[in-house]
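Q: take a look and give me a structure for this.
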Amino acid sequence: MGKYFGTDGFRGEANKNLTFEHAIQIGRFLGWYYGKNMGKKAKVLIGKDTRRSSYMFEYALCTGLMASGADAYIMHVTTTPSVAYITRIDDFDCGIMISASHNPFYDNGIKVLNGNGEKMEEETLLKVEDYIDGKIEIPCAERAEIGRTVDYVAGRNRYIGYLISMSKYSFKGVKVGLDVANGAAWQIAKGVFDALGAKTYVMNDDPDGYNINTDCGSTHIEHLQKFVVEKGLDIGFAYDGDADRCLCVDEKGNVVTGDHILYVYGLYMKERGKLLNNKVVTTVMSNFGLYKALDKVGIEYEKTKVGDKYVYENMVENGHRIGGEQSGHIIFSKYATTGDGILTSLKMMEVMLAKEKPMSELAAPCVFYPQVLKNVRVKSKPDAQNDPDVQAAVAKVAEELGDNGRILVRESGTEPVIRVMVEAGSDDICEKYVDQVIDVITKKGHLA
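A: Sure, this is the predicted structure:
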């Protein structure tokens, strides 16, 4: 990770950590960089979510791009996966999504995608950072070389058509609930489900610039749980602010997490001979119950660091077809280069309709183990993590848990914190083993 760009873009509170000047600078560099490298006027695609500051950042990015000679194509309010898709199929030099995903309205972020619709290579982002820090000078475009903006809402419509084409089944007669989080899926999700014949019930679809993710969407799924039960729906789907995540609620009101989705669709792929390499890609934070369920059906798995970026890199490198996170970032590499919440919901509908089973039955074999996670603030993360006595304590817990649980000790990527997590048969067992390791960290003097 660089100085400004993390695993999911340049993110911060609008006009505090992430300012309109930053957006202008990012636009200035990308417009110049792609124009210089390609030997022609650069074409850059821009999308945004519904938060108030997204409009400011959209115009700031356009200003920077045009000043460097690039043309900025504006998709307006749309999802992150739609920007990734249109960037790739319409041959843009790069794409930019303005969103802070599941964060509150006052935060925002700038995600940069390469011409393949993938998260931008770190090498290029480091050059952007050098420009922001004044280490690089670039000229302004003049006369006929100055860029322009182009309304590109047609790209969003084409993405909607692509999603509709993904379904092998009619949804006629299926009652579906959608929580669009007052965010980017607001103008897309219902249209897709309606077009496929579903009886669609939508909540949190009245964005005002301030209510994105506020007590709604995938981070507050309890409201969709209640909605599904009260309306007697067959299934519900909840998205986050930029709709690259999806969580489900079954017909009984139970939450179906990203781990459940990996199990349900991974098994569906295996049964049809579509699960290349017989592997599902997870992160280290996937629940132990997922691994036990996959073991029972003979599906192998790989574990990456936390972050859909690392999941996707593993999938590309090894040719895997499905991967994701418990939070609902699910990647279907045959169809998309990023997590796509609406695509994920369509794939879950496909399994239900193909197997003619309710989601509660499909997800039932993936039983979550109780989990206790505690954060320990330390003086030095590496010193605490690599202490021989701490490692011995972790090894002892792992041995005692055996096949009935697991322990994970990892460093926070953003705070001076060590995270100690245990999954086991009961909360009491989890607490006991987590505290055992924390006691050793404390006794060795690592606490901050």
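Q: show me where the stretch 151-300 of the chain has its helices.
A: 153-165, 189-195, 222-231, 258-271, 288-296 (DSSP state H, counting those that start in this stretch).
Q: residue 204 is nearest to which of the ones you listed?
A: helix 222-231 (7.8 Å; CB to CB). For the C-beta atoms, the positions are set from N, CA and C on the backbone; glycine is no exception.
Q: identify all contacting residues around the closest one.
A: 175, 177, 179, 201, 203-204, 215-216, 233, 235-238, 249-255 (CB atoms under 8 Å, 6 or more residues apart in numbering).
Q: and these, which of them are in strands?
A: Assigned to strands by DSSP state E, the following of these qualify: 175, 177, 179, 201, 203, 235, 236, 237, 238, 249, 255.
Q: need the contact list for the most centrally placed residue in the chain.
A: Central residue of the chain (CA atoms, centre = their mean): residue 329, 4.2 Å from the mean position. Going by CB under 8 Å, 6+ apart, residue 329 touches 244, 245, 258, 308, 311, 339.
Q: which one of these has the most neighbours?
A: Within the contacts of residue 329, most neighbours by other CB atoms under 10 Å means residue 244, with 33 neighbours.
Q: which residues touch it?
A: Residue 244 makes contacts with 79, 80, 81, 101, 308, 329, 338, 339, 340, 341, as judged by CB under 8 Å, 6+ apart.
Q: quick check, pLDDT for it.
A: Here, the pLDDT recorded for residue 244 equals 96.
Q: could you check how far it is from residue 368?
A: 23 Å (CB to CB, to the nearest Å).
Q: now do residue 338
A: 26 Å.
Q: more crowded one of those two?
A: Neighbours per residue, other CB under 10 Å: of residue 338 and residue 368, the larger number sits with residue 338, 25 against 16.
Q: nearest residue to residue 301 other than its sequence neighbours?
A: Spatial nearest neighbour of residue 301, excluding adjacent residues (CB to CB, 6 or more residues apart in numbering): residue 280 at 4.9 Å.
Q: what is the burial count for the one you found?
A: 28.
Q: next: residue 37.
A: By other CB under 10 Å, 11 other residues sit near residue 37.
Q: next one, pLDDT for it please.
A: At residue 37, pLDDT is 72.
Q: element containing it, please.
A: Using DSSP states H and E, residue 37 falls within helix 20-38.
Q: for that helix, which outside residues touch it?
A: Residues from elsewhere that reach helix 20-38 (CB under 8 Å, 6+ apart): 4, 10, 41-42, 44, 56-57, 60-70, 72, 93-94, 96, 110, 112, 124, 127-128, 131-132, 136, 138-139, 141, 147.
Q: run the chain-centre distance for it.
A: Helix 20-38 has its average C-alpha position 25 Å from the chain's average C-alpha position, going by CA atoms, centre = their mean, to the nearest Å.
Q: where in the chain is pLDDT low?
A: 1, 413-414 (pLDDT under 70).
Q: now the contacts of helix 20-38: which count as buried?
A: Neighbour counting by 16 or more other CB atoms under 10 Å classes 4, 10, 41-42, 44, 56-57, 60-70, 72, 93-94, 96, 110, 112, 124, 127-128, 131-132, 138, 141, 147 among the contacts of helix 20-38 as buried.
Q: toward the C-terminus, what is the element adjacent to the helix holding residue 37?
A: Per DSSP H and E, helix 20-38 leads on to strand 43-48 as the next helix or strand towards the C-terminus.
Q: and the very next helix or strand once past that next one with helix 20-38, angle?
A: Counting by DSSP H and E, the next helix or strand C-terminal to strand 43-48 is helix 53-67. If you take axes from the mean of the first three to the mean of the last three CA atoms, to 10 degrees, helix 53-67 sits at 40 degrees to helix 20-38.
Q: how about the contacts made by residue 41?
A: 35, 69, 70, 71, 145, 147.
Q: so the second one, which state does it fall into?
A: So that's residue 69. Following DSSP: H, G, I helix; E, B strand; the rest coil, the label given to residue 69 is coil.
Q: where's it relative to residue 150, distance?
A: 14 Å.
Q: next one: residue 163
A: 23 Å.
Q: next: residue 274.
A: From residue 274 across to residue 150, the span is 38 Å (CB to CB).
Q: and if you look at residue 80?
A: Distance from residue 80 to residue 150, counting by CB to CB: 20 Å.
Q: ok, the two, which is more surrounded?
A: residue 80 (29 against 12).
Q: isn't the more buried one up against residue 241?
A: No: here residue 80 lies out of contact with residue 241, judged by CB atoms under 8 Å, at a distance of 9.3 Å.
Q: any residues in contact with both of the two?
A: Each of 99, 101, 184 lies in contact with both residue 80 and residue 241 under the rule CB under 8 Å, 6+ apart.
Q: residues in contact with the second one?
A: Neighbour list for residue 101: 8, 80, 109, 240, 241, 242, 244, 245 [criterion: CB under 8 Å, 6+ apart].
Q: closest one of those residues to residue 321?
A: Once CB to CB is applied, the member of the contacts of residue 101 that ends up nearest residue 321 is residue 244, at 18.1 Å.
Q: for the closest one, grab phi and psi.
A: Backbone torsions for residue 244, taken as degrees, to the nearest 10, come to phi -100, psi 0.
Q: adjust the sequence numbering to begin at 493 for everything that follows.
A: Sure thing, new numbering starts at 493, so read that last one as residue 736.
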